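# How does the following fold in three dimensions:
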Amino acid sequence: MDGNEGRALLARLIDDATQSCHTYLHRWRAGDVVTWDKRATMHRGRPWPGSEARLMVRTTISARDADGLDRVRPN
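Take a look at the predicted model:
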């Protein structure tokens, strides 16, 4: 596949994946916590007012085949 074909395929895939039926937009309220699996999720940050406090925490979890990783790992 040449570069133009690759870009066209990527555009079609992104168009499909970002349809409203496949997306989630969180409407923040005090006390909310949101998590997602970065291995299987496209994330797009939204503008955040600089005057509002924000706390972001990263959690990393490792897994082994004995934990079922072999069943979810792409081939």
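
# quick one, phi psi at Asp67?
Dihedral pair for Asp67: phi -90, psi 0, per degrees, to the nearest 10.

# Please shift the residue numbers so they start at 20 in all later answers.
All right, first residue 20 from here; so that's Asp86.

# Report how many residues lie close to it.
Applying other C-beta atoms under 10 Å, we find 11 other residues in the vicinity of Asp86. For glycine as for every other residue, the C-beta is placed from the backbone atoms N, C-alpha and C.

# For the lowest-mean-pLDDT helix or strand in the chain, what is the distance to the chain centroid?
The weakest-scoring helix or strand in the chain, judged by mean pLDDT, DSSP states H and E, is helix 88-91 (a mean of 77). Distance of helix 88-91 from the chain centroid (C-alpha atoms, centre = their mean, to the nearest Å) equals 19 Å.

# Check stretch 76-94 too.
Centroid separation between stretch 76-94 and its chain, computed with C-alpha atoms, centre = their mean, is 16 Å.

# swap in stretch 44-61?
In terms of C-alpha atoms, centre = their mean, the centre of stretch 44-61 is found 9 Å from the chain centre.

# can you list contacts of it?
Contacts to stretch 44-61, defined as C-beta atoms under 8 Å, 6 or more residues apart in numbering, come from residues Ala36, Thr37, His62, Thr78.

# Pull that stretch out as CSV, backbone CA atoms only.
Provided in CSV are the C-alpha atoms of stretch 44-61 (Å, rounded to 0.1, in the frame of the first residue of the first chain):
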residue,chain,number,x,y,z
LEU,A,44,-17.8,12.4,26.2
HIS,A,45,-17.7,12.9,30.0
ARG,A,46,-19.6,15.8,31.5
TRP,A,47,-17.6,16.5,34.6
ARG,A,48,-19.1,16.9,38.1
ALA,A,49,-17.4,17.3,41.4
GLY,A,50,-16.0,14.0,42.7
ASP,A,51,-15.9,12.3,39.3
VAL,A,52,-13.2,9.8,38.5
VAL,A,53,-12.7,8.4,34.9
THR,A,54,-10.4,5.6,33.8
TRP,A,55,-9.7,4.1,30.5
ASP,A,56,-7.4,1.4,29.0
LYS,A,57,-4.9,3.3,26.8
ARG,A,58,-4.2,0.0,24.9
ALA,A,59,-7.7,0.0,23.4
THR,A,60,-8.8,3.6,23.5
MET,A,61,-8.2,6.7,21.5
